[in-house]
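Asker: My questions concern the predicted model and sequence given below.
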Amino acid sequence: MANITKKIRTLFPQATFEGDENKPLVVIPNAQWHELAKALRNDPEMAMDYLVTIVGMDWTENLGCIYYLMNSVTDEVVGVKVLAEGTRQQPVIDSVADLWPVAVTYEREVYDFFGIIFLNNPDMRRLFLNIDWVGYPLRKDYDANPAINPVSTESERQTDFTDVYTRNEKGEVVKNEVRVFQKDDFVVNIGPQHPATHGVLRFRTAVDGETIKKIDVYMGYIHRGVEKLCEDLMYPQTLHYMDRLDYFSAHNYHHALCMIIEKAAGIEISRRAQVIRVMMDELSRIASHCLFIGTYCMDLGATTMLFYTLRVREQILDIMEKTCGARMTFNYDCIGGVMQDLAPDFVADVKALLEVLPKNIKEYNEVFTGNVIAKNRMEGVGVLSKEDAIAYGVTGPSGRASGWACDMRKHMPYSIYSELDFEEVLATEGDSMARFKCRLREIEESAKILAQLVDNIPDGEYCVKVPKMLKLPAGSWFQITEGCRGAFGLYLESDGSPKPFRLKIAPPCLPQAAAVDHITRGQKIADLITIGGSLDYIVPDIDR
Amino acid sequence: MQDLSFITEWIDSSLRALMPGWLTVTVECLLIGVGLLLVYALLALFYIYYERKVCAAFQCRLGPNRVGPWGLLQSFADMFKMLIKEIIHLNHIDRFLFALAPYLVIIASMLAFAVLPWGNGIQIINFNIGIFFLIAVSSIGVLGILLAGWSSNNKYTLIGSLRSGAQMVSYELSIGLSVITMVCLAGTMSVEGIVAEQQDLWFIFKGHIPAIIAFVIYMIAGTAETNRGPFDLPEAESELTAGYHTEYSGMHFGFFYLAEYLNLFIVSGVAALLFFGGWMPLHIPGWEAFNYIMDYIPSVVWFVGKAIVLSFIIIWFKWTFPRLRIDQLLALEWKYLLPINLVNLVLMVLIIVFNWHF
């Protein structure tokens, strides 16, 4: 880490550094930003090939972005703070879409919420909000008056054009209109109400017969503005939104937010709470992957498998219900530990689950994985190379199926994961079958973790005392954890008040949905379902 | 084996005593029409219930069990729901073709009913080219599907009907060739003749290897022909919502739904006819007592029973296998089934010429 800072210092003397020594934040004006990004991306010593997220910021006096970059081999993370040029009416930052393809989507999100224009981004439309939305909601001076943006009773407005902003010779920013599809393309609208999009996601698909030419992904149908809502809530109140992002990894997301707040507030939690949290995370992971296998097989037409996998999922939900009192939105982890103590028969229930799990996995393999039709449908379909997986930021089991070791439990160990013995499941094929198998094997690894912990839950308090009115010191924190579907990043900035100044959620599913176009080009329509299913995105997680 | 033709003959003669010949034929046609409709509706209701129960058993569920004893009235309730549902009128469609399409589909399956060997002496038309007629009329169904997809003016239905057209035209070849294989063994195209030929032994045993190959191919192609899983691409719900019948509502949709189940019955009925003796009881040469007892089971029970057992296999396919992709589906037909079928036909001819069959 230190030599990267040194290198940046020598190459870019204009850069300044904020924050503590170990995790400094590089601050750079926009004029040098693209140069720095190029150096960070292409310099063999730094090789920051994974763009974790772009955090749009409004510090009231100026707008800007914080880029979090990661080296996929050494796991070093660099944060870069870029201040926007120009006026508040038209703030401008150079796009890095040419270096990291996923930036196209991330920059669209920042544009949507902060109105920052990214020069040379090939697709500068809003990402989540309607095209005729007035204002940029995450700016601090945003007027939320419903009269400005009334609820529309008309059909959704839509345009076939997108904007590209460039600088002309005089240095002025000019707007150019570009067609999204070619003029005579046969565009099929798949979604938002479609059984295979796993929620309200919409693909405008240009097809040539049965072959896909291009996909334009529309998101935002379930956008609730969680990040904006959190800015008006006390820290403990923000927690329950985490259940409503990726509702299958509710525990994992809760865990992540609790951890970052505890880190910021300097709260130490008991060993018992740590173990309970990790066990709940792993139970969630098994339940989530079980549901994935079921729905994925159903997408491919094998409806019966859904019921076989739901049996295991039901069993896990029963365990959760006994302890948390809920089956879906648990709201279990809290700042300082967990809400309630474990149910008395938790240990026995988990043991019963671990007993039936191997039998079930064997059955899944017999019924589905070995089936010749299933093999034909999945093998070699939707191949995502390792380089592309990193460039598009496809993490989680989908990224690991392409050979990218990106399990944050291993690479950025948090909680008690460093003490546990489990393997990072990797495959090299990168096709739909590999993604499917990776999840099957991850169930086994999670079961291994549970088996290590189930007999070793230490005694002690399950929740430490935390002040009712929790105030965090001014500062910013960034943390990546492993949700069920991939790397879940959280950026928290506090100005010392009891409410977060900015809480940015970097979900694993957004880059996966953004990569769909890249993976499906030239494949058949039926493969879109195979590929979309195997990526296993959850729409509320994309939209937030 | 009791010949049931005395019933039809009695009706015919008593009607002829009452009225002139042309009126008799008209009244008989009407009677048969009403009878067919009744059988058609009852069979469809039975199949809906049957499939639900079978599928539930595969999926560790109970299936319908609330309406009536063991949920027996569930499909009746569903039928009434379907009948009283509103038919939604759409804009921007070709109204005439849109309304015509479901009737074409249902007429195709009804016509096919006419030549099925329901029992000893009860058959609606006794053609000397019965099986040929059956193949001919069942091809009308694809026309209905293509029209439905085209006239709906919707991209999903268009893709669904294009898939369906490609699929049905391809798999008709396989069905036709495996039927020809069995017709060679029977030496006749008449349905009655084919059944009579199986007096001693069913064709699946008589024709041994080529008959079994033809049976397997027939079942695969028959599943594809009925648009059922794993070949349900024309209506692949995870891709095309409901394929060619996406825009249909109420009883118009009900017709497609009924036709699907009736086609399932027809495909298994034809399989029963060609490979398992139609209504002919199980006879084993030399076991006189056994054959005698078997004859006591009514021929209608034999036929319908065989058809239901064979449709169980097709339902089993659907609830086990994932769906194929369109190119894989066509590759299966043109690269595997068709060549195997052609070789199988030659093999069957050789076996007949050299008299190697039982």
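Answerer: Arrived safely, thanks for sending.

Asker: CA only for contacts and neighbour counts going forward, please
Answerer: OK.

Asker: right, and B:Ser138 touches B:Ala108 too?
Answerer: Yes: taking contacts as CA atoms under 8 Å, B:Ser138 lies within contact range of B:Ala108: 5.3 Å.

Asker: Domains in chain A, by residue range?
Answerer: Structurally, chain A divides into domains by automatic domain parsing as follows: A:2-143+A:150-163, A:226-543.

Asker: Single out the most deeply packed of those domains.
Answerer: When the domains of chain A are scored by mean count of other CA atoms under 10 Å in any protein chain shown, the highest mean neighbour count falls to domain A:226-543 (a mean of 20).

Asker: Distance check, A:Ser512 against chain B.
Answerer: Not Ser; residue A:512 is Gln. A:Gln512 is 19 Å from chain B, where distance means CA to the nearest CA, to the nearest Å.

Asker: for A:Gly56, same thing?
Answerer: For A:Gly56, the distance to chain B - CA to the nearest CA - is 36 Å.

Asker: and that residue, what does it touch?
Answerer: By CA atoms under 8 Å, 6 or more residues apart in numbering or on different chains, A:Gly56 lies in contact with A:Leu63, A:Gly64, A:Cys65, A:Ile66, A:Val110, A:Phe113, A:Phe114.

Asker: cutoff 7 Å now
Answerer: Residues near A:Gly56 by CA atoms under 7 Å, 6 or more residues apart in numbering or on different chains: A:Gly64, A:Cys65, A:Ile66, A:Val110, A:Phe114.

Asker: Which two among those residues are spaced furthest apart?
Answerer: For the contacts of A:Gly56, the farthest-apart pair by CA to CA is A:Ile66 and A:Phe114; their separation is 12.8 Å.

Asker: where's the closest residue to B:Ile140 other than its chain neighbours, which helix or strand?
Answerer: Nearest non-adjacent residue to B:Ile140, counting by CA to CA, 6 or more residues apart in numbering or on different chains: B:Ala108, 5.5 Å away. Following DSSP states H and E, one finds B:Ala108 within helix B:95-113.

Asker: What residues sit buried inside the helix or strand just after that helix?
Answerer: Counting by DSSP H and E, the next helix or strand C-terminal to helix B:95-113 is helix B:130-138. Within helix B:130-138, the residues that count as buried by 16 or more other CA atoms under 10 Å in any protein chain shown are B:Gly130, B:Ile131, B:Phe132, B:Phe133, B:Leu134, B:Ala136, B:Ser138.

Asker: quick one, longest helix in chain B?
Answerer: helix B:21-58 (DSSP state H).

Asker: whoops, I mixed them up, chain A
Answerer: From DSSP H, the single longest helix across chain A is helix A:271-299.

Asker: Run through who's touching stretch A:217-228.
Answerer: With CA under 7 Å, 6+ apart as the criterion, stretch A:217-228 contacts A:127-129, A:138, A:200-204, A:241, A:503-504, A:540, A:543-544.

Asker: Next, the buried residues of it.
Answerer: A:Val217, A:Tyr218, A:Met219, A:Gly220, A:Tyr221, A:Ile222, A:His223, A:Gly225, A:Val226, A:Glu227, A:Lys228.

Asker: Out of the residues you listed, which sit inside strands?
Answerer: Here DSSP state E is the test, and the buried residues of stretch A:217-228 give A:Val217, A:Tyr218 as lying in strands.

Asker: Adding pLDDT, write the buried residues of stretch A:217-228 out as a markdown table.
Answerer: Below are the buried residues of stretch A:217-228 laid out as a markdown table (pLDDT from 0 to 100):
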| residue | pLDDT |
| --- | --- |
| A:Val217 | 87 |
| A:Tyr218 | 86 |
| A:Met219 | 86 |
| A:Gly220 | 83 |
| A:Tyr221 | 85 |
| A:Ile222 | 86 |
| A:His223 | 88 |
| A:Gly225 | 86 |
| A:Val226 | 89 |
| A:Glu227 | 88 |
| A:Lys228 | 88 |
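
Asker: and the two most separated of the buried residues of stretch A:217-228?
Answerer: For those, and using CA to CA, no pair is farther apart than A:Val217 and A:Lys228, which are 23.3 Å apart.

Asker: what ranges of the stretch 1-150 of chain A fall below the confidence cut-off?
Answerer: Residues of the stretch 1-150 of chain A that meet the criterion pLDDT under 70 lie in A:1-2, A:20-22.

Asker: Going along the chain, name the helices of the stretch 1-150 of chain A.
Answerer: In the stretch 1-150 of chain A, helices defined by DSSP state H, counting those that start in this stretch lie at A:2-11, A:30-42, A:103-114, listed in chain order.

Asker: Among those, which comes closest to chain B?
Answerer: With CA to the nearest CA, the closest approach to chain B among those belongs to helix A:103-114: 25.3 Å.

Asker: where's the closest one relative to the chain centroid, distance-wise?
Answerer: Put simply, helix A:103-114 sits 14 Å off its chain's centre (CA atoms, centre = their mean, to the nearest Å).

Asker: What pLDDT does the model give the residue of chain A most remote from its centre?
Answerer: The centre of chain A is farthest from one residue, A:Lys170, which by CA atoms, centre = their mean lies 39.3 Å away. Here the pLDDT value assigned to A:Lys170 is 79.

Asker: roughly how far apart are it and A:Glu35?
Answerer: With distances taken as CA to CA, to the nearest Å, A:Lys170 is found 21 Å from A:Glu35.

Asker: Mind giving me the packing neighbours of the host helix or strand of B:Phe256?
Answerer: Using DSSP H and E, the element containing B:Phe256 is helix B:250-275. On a contact count with 3 or more CA pairs under 7 Å, 6 or more residues apart in numbering or on different chains; DSSP states H and E, helix B:250-275 meets helix B:21-58, helix B:74-84, helix B:95-113, helix B:203-206, helix B:299-318.

Asker: got the contact list for the closest residue to chain A within chain B?
Answerer: Per CA to the nearest CA, the residue of chain B with the smallest distance to chain A is B:Pro322, at 4.1 Å. Residues counted as contacts of B:Pro322 (CA under 7 Å, 6+ apart) are A:Leu300, A:Gly301, A:Ala302, A:Ile373, A:Ala374, B:Pro230.

Asker: Read off the pLDDT value for the first one.
Answerer: Looking at A:Leu300, its pLDDT stands at 83.

Asker: I figured it was touching B:Arg323, is that so?
Answerer: Yes: shown here, A:Leu300 and B:Arg323 form a contact pair, counting by CA atoms under 7 Å, at 5.6 Å.

Asker: got the contact list for B:Thr320?
Answerer: B:Thr320 neighbours (CA under 7 Å, 6+ apart): A:Ala302, A:Thr304.

Asker: and the gap between it and A:Val372?
Answerer: From B:Thr320 to A:Val372 the distance is 12 Å (CA to CA).

Asker: Just confirm A:Asn376 is within a helix.
Answerer: Yes: assessed with DSSP: H, G, I helix; E, B strand; the rest coil, A:Asn376 lies in a helix.

Asker: Distance check, it against B:Leu329.
Answerer: Relative to B:Leu329, and taking CA to CA, A:Asn376 is found at 11 Å.

Asker: what does the stretch 351-500 of chain A put close to chain B?
Answerer: Neighbours of chain B within the stretch 351-500 of chain A, by CA under 7 Å from any CA of the partner chain: A:Ile373, A:Ala374, A:Arg377.

Asker: try it again with 10 Å
Answerer: A:Val367, A:Phe368, A:Asn371, A:Val372, A:Ile373, A:Ala374, A:Lys375, A:Asn376, A:Arg377 (CA under 10 Å from any CA of the partner chain).
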